[in-house]
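Engineer: one predicted model, sequence on top.
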Amino acid sequence: MTRRLIAVSAGLSEPSSTRLLADRLARESAEALNGGETGGAEVRTVELRGHAHAIADAMLSGFPSGALREVVDDVAAADGLILVTPTFTASYSGLFKSFIDVLDPDALQGKPVLLGATGGTERHSLMIDHAMRPLMAYLRAMPAPTGVYAASTDWGAAGLDQRIGRAAGEFAAMVAGGPVRQPVRDGFADPVPFAELLGG
Amino acid sequence: MQFGIFTVGDVTADPTTGRTPTEHERIQATVAIAKKAEEVGLDVFATGEHHNPPFVPSSPTTTLAYIAASTERIMLSTSTTLITTNDPVKIAEDYATLQHLAGGRVDLMLGRGNQGMVYPWFGQDIRQGIPLAVENYNLLHRLWREDVVDWKGRFRTPLQGFTSTPRPLDDVPPFVWHGSIRSPEIAEQAAYYGDGFFHNHIFWPPEHTKRMVELYRRRYEHYGHGAADQAIVGLGGQVYMAKNSQDAMREFRPYFDNAPVYGGGPSLEDFSEQTPLTVGSPQQVIDRTLGFRDYVGDYQRQMFLVDHAGLPLKAVLEQLDMLGGEVVPVLRKEFDALRPAHVPEAPTHASLVAAREAAAESADEKVEVPA
């Protein structure tokens, strides 16, 4: 069975180091899955930059439309998510959070997630742990134990490769382990009978 | 097929002049719009219910009673009546009274309301929105059908030997539509009682409307009220027209761009593509509206939003002239020609009285047959 991974990059520039990190994490994760006995993985990469207007529109109109709608549906259906954001004022970017806000609150429930972040300085290295992890906890997602923070200097230093490899390995093992998701009841396919609504 | 207009009752500055109407002007305009709707041949006028600025319609039955006295034919309805924060006993009394005063020209649409702060103002909790809608309507349904009610629930004081007065006109309660954009529970509720289901249809893409209507139809059949395609469906719609479609876009754009509900968001072009909003010529409105049938099936009531976002009364009345003069007569003819014979019209007081009498007669016949 092929696992479907989505790598979401909230980087704003082109080229962007956030996208670069997302690609590295995605490639390593897919390789780990391809090398295992799980039948491999396919990766779709999404740049939020291209959906920035649609994300703002969805906040105002209440529904995601067009290409963003597809992304939202794909994220809900994915076997694993790689989420990478630049560090803005000591946290994830507003665009990243807005995207998360557009998703259905149950969309990440029980889903393996690999967290990554980029930043200008190593002094924000704990951003993943003090900002992204609480957000994932609220959404009841399952982040891999290792998150990868890449400061500008990391791109020229030893150690980033190993961190990416370890994080991707942990994430791939979680994805390969199969779904731990609670089935979400589809109220349209399987409505709650009225007698039950009335009794409740 | 019934055609009408539904208003939100917002008091919004006209972005082209900067002028905001007073509440008095807006209330009087609402009456003028309703009278005009009857004059141009529409079937239904519906008003919203809100309890906070910038909206004026906090007392829909007062407004509708006044309109009832100033009109002769048009049906009066709501869009919507808050079943969550109003006491169901008061709804039963208010709308039964209105029904007597209006000679039966009354139905109503129930909704939960979408503004969180309104719930605590009326002593309720928004997290209980669905349970409130379910329990309160169940009580309302009984109050209109049982002369003496003993009742106990979670959200309201119990009733013992209670009679809601006045009793509904001819002992036939007003027909009820249940409105919701995306809560399957409300489609289920409408189906359970065999009531109408209304989809607001103006803010969200047609996929949501389709999904909700399909669920309602399937469950309507499940509960034995008839075949799925005989369920009673109403849709909203939002239009702005001019003879020339470019003029319609140019005239409506400032209102769209500054509208409280979507101003600053998607462009007029995008929003028109993503939702049923139609800004263009009367012919474009006709074509688009006929297309609604493709995804919801044969339906019974089409309501249009024409008077919001600061549009001046004069412009709204012109819209009604076009709607009544050019659009609705064509839609009426086309929809009627497409509708199969077994699909019913929307109920009216007269049709509900007739149905009750027919049911009573057939019951009598059964009794007369010797065992």
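Structural biologist: Thanks, I have the structure now. What you see is a predicted model; the values in this text were computed from it and never measured.

Engineer: show me what contacts residue 40?
Structural biologist: Just so you know, I chose chain A. By CB atoms under 8 Å, 6 or more residues apart in numbering or on different chains, the contact list for A:G40 reads A:T2, A:R3, A:A30, A:L33, A:N34. The C-beta positions use only the backbone N, C-alpha and C, and glycine is treated the same way.

Engineer: please refer instead to chain B.
Structural biologist: By CB under 8 Å, 6+ apart, the contact set of B:V40 is B:L320, B:D321, B:L323, B:G324, B:G325, B:V328.

Engineer: and those as CSV, adding secondary structure?
Structural biologist: As requested, the contacts of B:V40 are exported to CSV (DSSP: H, G, I helix; E, B strand; the rest coil):
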residue, secondary structure
B:L320, helix
B:D321, helix
B:L323, helix
B:G324, helix
B:G325, helix
B:V328, helix
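
Engineer: please, a ChimeraX command that selects the buried ones among these?
Structural biologist: Listed next is the ChimeraX selection for buried residues among the contacts of B:V40, using 16 or more other CB atoms under 10 Å in any protein chain shown:
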select /B:320,323,324,328
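
Engineer: picking that back up, the contacts of A:G40 in helices, which ones?
Structural biologist: Applying DSSP state H to these, the entries found in helices are A:A30, A:L33, A:N34.

Engineer: okay, now the second one: neighbour count?
Structural biologist: As a burial measure, A:L33 scores 26 neighbours (other CB atoms under 10 Å in any protein chain shown).

Engineer: next, give phi and psi for the residue nearest to B:H222 when sequence neighbours are not counted.
Structural biologist: Take B:H222 and drop its neighbours on the chain: the residue closest to it by CB to CB, 6 or more residues apart in numbering or on different chains is B:A191, 7.0 Å away. Dihedral pair for B:A191: phi -70, psi -40, per degrees, to the nearest 10.

Engineer: okay, now the unreliable bits of chain A?
Structural biologist: A:179-183, A:200 (pLDDT under 70).

Engineer: flag every residue of chain A that's near chain B.
Structural biologist: With CB under 8 Å from any CB of the partner chain as the criterion, chain A meets chain B at residues A:56-57, A:59-63, A:65-66, A:187-188, A:191-194, A:197-198, A:200.

Engineer: mind giving me the PyMOL command for buried ones among these?
Structural biologist: Burial among the residues of chain A next to chain B is assessed by 16+ other CB under 10 Å; the matching PyMOL selection reads:
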select buried, chain A and resi 56+57+61+62+63+65+187+191+194+197
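
Engineer: can you give me the helices for chain A?
Structural biologist: Listed in chain order, the helices of chain A (DSSP H) span A:17-35, A:52-61, A:66-77, A:94-102, A:127, A:133-138, A:160-176, A:194-199.

Engineer: about what we covered before: ranking the contacts of A:G40 by neighbours, who comes first?
Structural biologist: Among the contacts of A:G40, the one with the most neighbours (other CB under 10 Å) is A:L33, at 26 neighbours.

Engineer: what's the distance between it and B:E221?
Structural biologist: Here A:L33 is placed at a distance of 46 Å from B:E221 (CB to CB, to the nearest Å).

Engineer: what do you get for A:A173?
Structural biologist: Distance of A:A173 to B:E221, given as CB to CB: 48 Å.

Engineer: which elements pack onto the helix-or-strand element of chain B with minimal mean pLDDT?
Structural biologist: The weakest-scoring helix or strand in chain B, judged by mean pLDDT, DSSP states H and E, is helix B:349-368 (a mean of 87). Using 3 or more CB pairs under 8 Å, 6 or more residues apart in numbering or on different chains; DSSP states H and E as the contact test, no helix or strand touches helix B:349-368.

Engineer: pull the distance from that helix to the chain's centre.
Structural biologist: Taking CA atoms, centre = their mean, to the nearest Å, the mean C-alpha location of helix B:349-368 is offset from the chain mean by 28 Å.

Engineer: if I pick residue 83, what's in contact with it?
Structural biologist: Assuming you mean chain A. By CB under 8 Å, 6+ apart, A:L83 lies in contact with A:V8, A:A10, A:F96, A:V113, A:L114, A:L115, A:G116, A:M132.

Engineer: not quite, I wanted chain B
Structural biologist: By CB under 8 Å, 6+ apart, B:I83 lies in contact with B:I91, B:L110, B:G111, B:R112, B:L132, B:A133, B:N136, B:Y137, B:L140.
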